[in-house]
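A.B. asks: 3D, please:
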Amino acid sequence: MSLQLHIAIFLFISINTISVGFADEWKNINSTADHRSQSTSKLTKNPAIKWQLEVDRAAVFASPVISAGLIYIAAHDAKISAIKLKDGGVKWVAKLSAPISATPALAAGVVIVGAKDGVITALDAESGKEIWQVKTGGTILSSPVIVDDVIYIGSNDLYLYALNLSDGKLIWKYQTKDYKYGGIYTSPSVDDQRVYFSTKSGVLHAVNREDGKVVWRSVLGSAVYGAAMLDEGMIYLGVYDRNVYAIQADSGEIEWTTKLDDWPQGSPVLIDGVLAVVSRRGTLYGLDKKWGKILWQQALNEGVRHGFSVDANGVGVLGTLTGRLIGVDLKQHKLLWEEYMSGSIWSQPAIVDGKIVVVTQDGSVTLLQ
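C.D. replies: Next up, the predicted model:
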């Protein structure tokens with residue numbers, strides 16, 4: 001057997017061994033750049049707690065992100081922790097210069113995190129060592145996404161930034177207009193051509209990925225805090241005026257709106273042509289994707305501050321302000337299971353390799369399987 005063939009076989013085995021170990025990842029808020037919030041893995045029928053870890057007693061509003069067997073948690077004490085998915089062991093803790101509310105993003109062995117002092121930091125995912133920093137002119141509450149080694153992130157200096165992943169150098173920035181206490185709170189949503197994001201004043205922007213030039217702007221009814229979910233040329237998002245909006249991605253034209261009983265939380269998820277969304281009051285809804293008609297609804301009777309995370313079978317996972325973590329069959333719209341955490345849940349759970357990772361506001365990290 002030739003040396004070249006030996007090398008080829010070795011590389012094939014090595015690559016496939018690595019991919020089998022970490023087949024599923026959750027690399028930014030809502031998992032992907034189009035914010036679909038869906039895992040490729042399936043949950044067990046009744047997930048049970050496998051381990052718990054107290055990261056810190058500082059407030060945690062950022063969602064966990066996961067890659068290559070490590071969970072990354074950012075907190076208001078300005079720390080970001082890397083935790084082993086297998087057993088909850090702490091691999092490293094890095095201290096930044098300001099509190100963190102936005103969810104980090106992961107790509108190519110790098111963790112990108114924006115803090116409240118306006119600084120964007122790149123950390124080595126394995127060691128936590130700083131790679132580079134970029135200072136913006138305002139607080140960062142927008143969770144970054146990374147596509148093709150380009151970081152997209154908003155700052156409350158009213159710019160959307162596109163930065164090079166390797167060194168943080170500016171590719172382009174796009175300036176918005178907003179009122180004195182406004183800003184960019186949403187995580188950008190990215191497709192093949194454009195980046196979509198909203199301002200607190202309620203304007204949805206579409207800009208070209210390549211150069212940051214504006215394509216269109218659409219005025220919505222109120223402030224926007226959650227990321228838009230993209231699907232087949234349509235944009236779906238919840239707005240503070242209590243409506244879910246369906247908007248054409250090419251033109252910005254509003255296709256339909258549907259009013260809920262309260263402000264929609266997080267991003268809608270799509271299951272078999274039905275949009276599942278939850279209101280701040282804790283009412284679950286299923287909306288027809290094409291027309292926005294309410295097909296079903298169910299009240300939890302407790303507050304919720306984020307959207308669903310969904311497994312490959314259409315099971316949605318959601319946490320409440322009482323610490324109740326629930327699994328919902330979003331196809332049959334029925335409750336499947338529930339577990340109680342040690343505190344209030346303000347951030348979206350992550351689902352990888354059939355496991356659920358959830359963080360409470362007081363800094364407790366739990367893995368269920």
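
A.B. asks: D24: neighbouring residues, count only.
C.D. replies: 18 (other CB atoms under 10 Å). (C-beta placed from N, C-alpha, C; glycine too.)

A.B. asks: for S222, see how far away it is.
C.D. replies: For D24, the distance to S222 equals 36 Å [CB to CB, to the nearest Å].

A.B. asks: do L260 as well
C.D. replies: Taking CB to CB, one finds L260 at 13 Å from S222.

A.B. asks: S81 bridge partners, please.
C.D. replies: I73, V93 (DSSP bridges).

A.B. asks: you'd agree it is up against Y72?
C.D. replies: Yes - using CB atoms under 8 Å, S81 is in contact with Y72, at 7.2 Å.

A.B. asks: of the two, which one has the most company?
C.D. replies: Of the pair S81 and Y72, Y72 is the one with more neighbours under other CB under 10 Å, namely 28 against 22.

A.B. asks: list the contacts of the more buried one.
C.D. replies: P64, V65, I66, I80, S81, A82, I83, P104, L106, V111, A125 (CB atoms under 8 Å, 6 or more residues apart in numbering).

A.B. asks: kindly report the same for V359.
C.D. replies: V55, V60, A62, S63, P64, I73, I345, S347, V365, T366.

A.B. asks: go on, V214?
C.D. replies: Y174, H205, A206, V207.

A.B. asks: go again with 10 Å.
C.D. replies: Y174, Q175, T176, R194, H205, A206, V207, N208 (CB atoms under 10 Å, 6 or more residues apart in numbering).

A.B. asks: can you tell me how far it sits from F197?
C.D. replies: 12 Å.

A.B. asks: same question for S189.
C.D. replies: 7 Å.

A.B. asks: if we can go back for a sec, ok, which pair from the contacts of V359 is furthest apart?
C.D. replies: The most widely separated members of the contacts of V359, counting by CB to CB, are A62 and T366 (15.6 Å).

A.B. asks: more neighbours: those two, which one.
C.D. replies: A62 (24 against 21).

A.B. asks: which strand or helix spans that one?
C.D. replies: Assigned by DSSP states H and E, A62 falls within no helix or strand.

A.B. asks: quick one: it and I73 touch, right?
C.D. replies: Yes - with contact defined as CB atoms under 10 Å, A62 counts as touching I73 (7.2 Å).

A.B. asks: which neighbours do these two have in common?
C.D. replies: I80, I100, T103, P104, S347, V359.
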